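Engineer: Take this sequence and fold it.
(2 chains)
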Amino acid sequence: MRATTRARHILSHLDALEAESVHILREVAAEFERPVLLFSGGKDSTVMLHLARKAFLPAPIPFQLLHVDTGHNFPETLEFRDRAVARFGVRLLVADVQSYIDAGELRERPDGTRNPLQTLPLLRAIEANRFDAVLGGGRRDEEKARAKERVFSLRDEFGQWDPRRQRPELWRLYNGRHRPGEHMRVFPLSNWTELDVWGYVRAEGIELPAIYFTHRRTVFLRDGMWLAPGSWGEPQAGEPVQERMVRYRTVGDMSCTGAVDSPASSVDEVIAEIAASRVTERGSSRADDRMSEAAMEDRKREGYF
Amino acid sequence: MTTTEIAVGDLLRLATAGSVDDGKSTLVGRLLHDTSAVMPDQLEAVRRASRDRGLADADLALLTDGLRAEREQGITIDVAYRYFATARRRFILADTPGHVQYTRNMVTGASTAELAVVLVDARHGFVEQTGRHTVVSALLRVPHVALAVNKMDLVGYAEDRFAEIAGEFTEYARKLGVPDVVAIPMSALRGDNVVEPSPHMTWYAGPTLLEHLETVPTGGEPEATRLPVQYVLRATDFRGYAGQLSSGMLRVGDPVAVSPAGHRTRITGIEVGGTPVDEAFAPQSVVVRLADAVDVARGDLITPVSTVPSPAERLLVVGCQLASRPLRVGDRVLVRHTTRTVRAVVEAIDERLDVHSLSTDNAADTLYTNEIALVSMRTAEPVAVDPYEYNRHCGAVLLIDEASGDTLTAGMVGVPPWWP
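Structural biologist: Purely as a prediction, here's the structure:
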């Protein structure tokens, strides 16, 4: 008989990512006066909401939710958003791009995309509600500027990100100190990849909006991307409309979020498809990131997520 | 006696370190590319950007240099995190800049790493920066260090050249108490021994870098159990203490102590994600319930009664200056330890480490950016710290500027045994 018995406790990578995200969510609840969680009904924010629920059980989620509504959202996503809010018993605030356009504070862009127009309503909502921490579903694997983002990312009183003046972030010691007027953007899913998110959706049985799975949709091709006509705009001459079996990899403003051809109708099929995919999530479905080499960095500097 | 191995089995956090021109970007690019973490649309964007700059070939550094200023200046400014996976493991890679002035970035990357890849150019061998990177890895207690002897193609894939560098490095790392050292000859540019075994170095019988990354054991020596209390959870008929186990494990029924007050009680329940469990282990995030209504708040530490750390009001740390604002004797700072923040005054800065010669000088009362020295502090309240040598989380502190909120200094409690 051996003198030493060895018990092995091994955590899977998804459990380790969950533990880290839960830790970050709890740090925010403990360190800040008025945190808010950005929620769009997309897969990343839905996973965050699920993690927030698990972080504080049996107590309720101690955050309000905020959605910056471009006015060009997929109706399925808005319906999902409202159902999720009701189910989790949280309070949702909506910052409305359309009302800023109506009031003349924002102007519609010639290309019809409203993604860059989200920044002003977001910053106004942060200011009006005196939010000091804003939780977002951004992941470092999405884009090379995001790869440089801290988990706790300090924004000045204008909401700006200065990548050259970021605080170093060591161990599990997240520094939440900020001065009045400044706020912190916090990214609990920093270390997750697109596949991790889907793996977690599968493991936890998380419900997602139907547009993530294959469906027949009327689309037209613009700049190599399948866009769906809607209130944001219609196809122009030379952009013939087709019916295709498609799904979405990301959920955003309809004007710049493209669909991909896909037969994937279940989470398992989506995971198999992404694992074999040769195109990045953003490359396949976000027109606004293609505008310039530093499109994401530039928008983040202005206060965008 | 029972020993418990605790590990994250299929996730490895690693950090890379290398000087400016020894091919770190190429190595990172090759790891990402050969594990299919780089998609054709990203490569196409790099080719396009390279053409726009008038380059004949795609510049793979554009793949990782994500910031405008980095691309403009052709240097890497800040730590970036990269993700790749194989069938066996997932990897989180802290990609740290190699410039001499950015020691602080390597400290940042190494603080969470279980493995550090130190690059050397086979033509130049063990240089000043190699020593610096190895010292930082040892200081941060990264359990595994892999020496990547790169550009072997430029020394004719010579076995004796590799053996010479590997020998010198291994001896140096052992002196610093690095527990596990592996040296791998490679050419990141040509793909020798990074992911695929090299046909040019049949004399090498060891693993490729990726094979090593896939098989290196995670976890390591068992450490005393520590649960820093993050947040008090209250609901009807429920009061629980939330936190992430930084080491060890807890079972329902365990007698525990709450530091720094010293209350003793017993664990009556543990939950992970709202589900009751009998036991929990690091790095799980948990909620525990206690038998007695003792006063427990954020910043307290729950430990087994057998391994209670002694709360101290004097702290001696190895400090690495991160901020451009120097740290001076007499400074009042905030000390962040696990979930606890206390005020402190800097009483002494001495024994500044020369990371090239591994010697110290005693003439410091100021710690400038990237410098490493012993820092003594007196805190306003007791802090239950462990020596960093025994616990990477409960032995780590940040010094924070109260006025600006900036993180000034990273501190590791105690003096490592190899300290000169």
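Engineer: And for B:Asp361, the neighbour number?
Structural biologist: Number of residues near B:Asp361 (other Cβ atoms under 10 Å in any protein chain shown) recorded here: 11. No exception for glycine: its C-beta is placed from N, CA and C like everyone else's.
Engineer: where does the residue nearest to it when sequence neighbours are not counted sit relative to chain A, distance-wise?
Structural biologist: Leaving aside its sequence neighbours, B:Asp361 sits nearest to B:Arg352 (Cβ to Cβ, 6 or more residues apart in numbering or on different chains; 5.4 Å). According to Cβ to the nearest Cβ, to the nearest Å, B:Arg352 and chain A sit 20 Å apart.
Engineer: Run through the bridge partners of B:Arg352.
Structural biologist: Assessed by DSSP bridges, B:Arg352 has beta-bridge partners B:Asp361, B:Ala373.
Engineer: Number of residues surrounding it?
Structural biologist: Around B:Arg352 there are 19 residues (other Cβ under 10 Å).
Engineer: That one against B:Thr366, yeah?
Structural biologist: No - with contact defined as Cβ atoms under 8 Å, B:Arg352 does not count as touching B:Thr366 (9.6 Å).
Engineer: now for the helix or strand harbouring B:Glu164, which elements pack on it?
Structural biologist: Taking DSSP states H and E as the definition, one finds B:Glu164 inside helix B:159-175. Applying 3 or more Cβ pairs under 8 Å, 6 or more residues apart in numbering or on different chains; DSSP states H and E, one finds that helix B:159-175 makes contact with strand B:115-121, helix B:128-139, strand B:144-150, strand B:180-185.
Engineer: right, and the helix or strand after the host helix or strand of A:His23?
Structural biologist: Assigned by DSSP H and E, A:His23 falls within helix A:13-31. Next in sequence after helix A:13-31, counting helices and strands by DSSP H and E, comes strand A:35-38.
Engineer: what angle sits between whichever helix or strand comes after that next one and helix A:13-31?
Structural biologist: Next helix or strand after strand A:35-38 toward the C-terminus (DSSP H and E): helix A:43-56. Angle, helix A:43-56 to helix A:13-31, by axes from the mean of the first three to the mean of the last three Cα atoms, to 10 degrees: 70 degrees.
Engineer: quick check, helix A:43-56 touching chain B?
Structural biologist: Yes - for helix A:43-56, a contact with chain B is found by Cβ under 8 Å from any Cβ of the partner chain, at A:53-56.
Engineer: Need the pLDDT of residue 168.
Structural biologist: Since you didn't name a chain, this refers to chain A. For A:Pro168, the model assigns a pLDDT of 89.
Engineer: Correction: the question concerned chain B.
Structural biologist: pLDDT, B:Glu168: 95.
Engineer: does it really touch B:Phe126, like I thought?
Structural biologist: Yes - B:Glu168 is within contact range of B:Phe126, at 4.8 Å (criterion: Cβ under 8 Å).
Engineer: Quick check on the two: which one has the bigger neighbour count.
Structural biologist: Under the neighbour definition other Cβ under 10 Å, B:Glu168 and B:Phe126 were set side by side, and B:Phe126 has more, 20 against 16.
Engineer: and the more buried one, that one's in a strand?
Structural biologist: No - going by DSSP: H, G, I helix; E, B strand; the rest coil, the assignment for B:Phe126 is coil, not a strand.
Engineer: right, and it touches B:Leu119 too?
Structural biologist: No - using Cβ under 8 Å, B:Phe126 makes no contact with B:Leu119, being 11.6 Å away.
Engineer: which non-adjacent residue is nearest the residue in the stretch 151-300 of chain B that chain A sits nearest to?
Structural biologist: Going by Cβ to the nearest Cβ, chain A is nearest to B:Gly274 of the stretch 151-300 of chain B, at 3.2 Å. Closest residue to B:Gly274 apart from its sequence neighbours, by Cβ to Cβ, 6+ apart: A:Leu57 at 3.2 Å.
Engineer: Can you show me the helices along the stretch 101-250 of chain A?
Structural biologist: Counting by DSSP state H, counting those that start in this stretch, the stretch 101-250 of chain A has helices at residues A:119-128, A:194-204.
Engineer: mean pLDDT lowest for which of these?
Structural biologist: helix A:119-128 (a mean of 91).
Engineer: how about stretch A:61-79: buried residues?
Structural biologist: Across stretch A:61-79, burial judged by 16 or more other Cβ atoms under 10 Å in any protein chain shown covers A:61-74, A:76-78.
Engineer: quick one, what contacts the residue nearest to B:Gly274?
Structural biologist: B:271, B:273-274, B:287 (Cβ atoms under 8 Å, 6 or more residues apart in numbering or on different chains).
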